[in-house]
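Colleague: sequence and predicted structure are below.
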Amino acid sequence: MLRIAGITPFSTVDWPGKLACVAFLAGCPWACPYCQNYELQSARSASYTDADLFAFLEQRKGLLDGVVLSGGEPLAQEGAVQAARRAREMGFLVGLHTCGAYPDRLREVLPFVDWVGLDVKAPWDSYERVCGVAGAGELALASLEAALEAGVELETRTTWHPDLLSAEDVSRIARDLAARGVRTWAVQAYRHEGTTGELAQKTVYPSDVPAELAALFEHYEFRRA
Ligand code: SF4
């Protein structure tokens, strides 16, 4: 049974270019201080099950392009693989937001997924600074490699808070992703609202990355708070 903390019936922002509903699966093994869904980090935050999700989807056939599995970290739950498969069988496109903590499960689910939004939180050797867990960077890199190997449509995204990532860190991330063949990268300025407030609210956000970094990608977007 899936533990789902919330379902957004219609969204145009969670999967760029698609009208999708979003299922926020409960539970996440990491603890990023900028998390906007930190109440979903606990698996106890669930209010719905997969039965609720699929009853909803049954009524939305023909009205939505797809469903996005988000979180929390959706791949923390084994049932996410079966849910993606079932949604596909119902005729929906399937999107997935993931932090990359479960590369093996990502490989299992990829055959049923049309688009992945993968967080790239830091240079691979600096993940612990952002998500608080040793070895997280290796897992995230393995997830990126799995997505690239599968050839799934992929958006990488980096949340930038100046206390967590220096300009040099952001440059390292961009150059590494481009060298690996990533074509889509979005940088999201830190948003204070909805977080635990652990990080200082910066009044001067990074305005954008240098143009030469943006130019490394076929699609680049800077998302403001
Ligand atoms: S990985 Fe995502 S859901 Fe988990 S704590 Fe970090 S920002 Fe929140």
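Modeller: Right, received. Where do you want to start? Bear in mind the structure is a predicted one, so any value in this text is a computation, not a measurement. Residues are numbered from 1 along each chain as shown.
Colleague: contacts, neighbours, all on C-alpha from now
Modeller: OK.
Colleague: what does this protein put close to the ligand?
Modeller: Contact residues, the chain versus the ligand (Cα under 6 Å from any ligand atom): C28, W30, A31, C32, C35, N37, Y38, G71, G72, E73, C99.
Colleague: please repeat the previous calculation with a cut-off of 5 Å.
Modeller: C28, W30, A31, C32, C35, G72 (Cα under 5 Å from any ligand atom).
Colleague: tabulate the residues you listed (TSV), appending pLDDT, neighbour count and secondary structure.
Modeller: What follows is the residues of the chain next to the ligand, written out as TSV (pLDDT from 0 to 100; neighbours: other Cα atoms under 10 Å; DSSP: H, G, I helix; E, B strand; the rest coil):
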residue	pLDDT	neighbour count	secondary structure
C28	94	22	coil
W30	96	19	coil
A31	93	14	coil
C32	94	19	coil
C35	92	23	coil
G72	91	29	coil
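Colleague: number of nearby residues for the closest residue to L164 other than its chain neighbours?
Modeller: Among residues not flanking L164 along the chain, V130 sits closest, at 6.4 Å (Cα to Cα, 6 or more residues apart in numbering). Residues lying near V130 (other Cα atoms under 10 Å) number 19.
Colleague: the one helix or strand V130 maps to: how far from the chain's middle?
Modeller: Assigned by DSSP states H and E, V130 belongs to helix 127-131. Mean-position distance between helix 127-131 and its chain equals 16 Å (Cα atoms, centre = their mean, to the nearest Å).
Colleague: neighbouring contacts of it?
Modeller: Contacts to helix 127-131, defined as Cα atoms under 8 Å, 6 or more residues apart in numbering, come from residues W30, A31, C32, P33, K121, A122, V133, A134, G135, A136, G137, L164.
Colleague: fine by me, we can end here.
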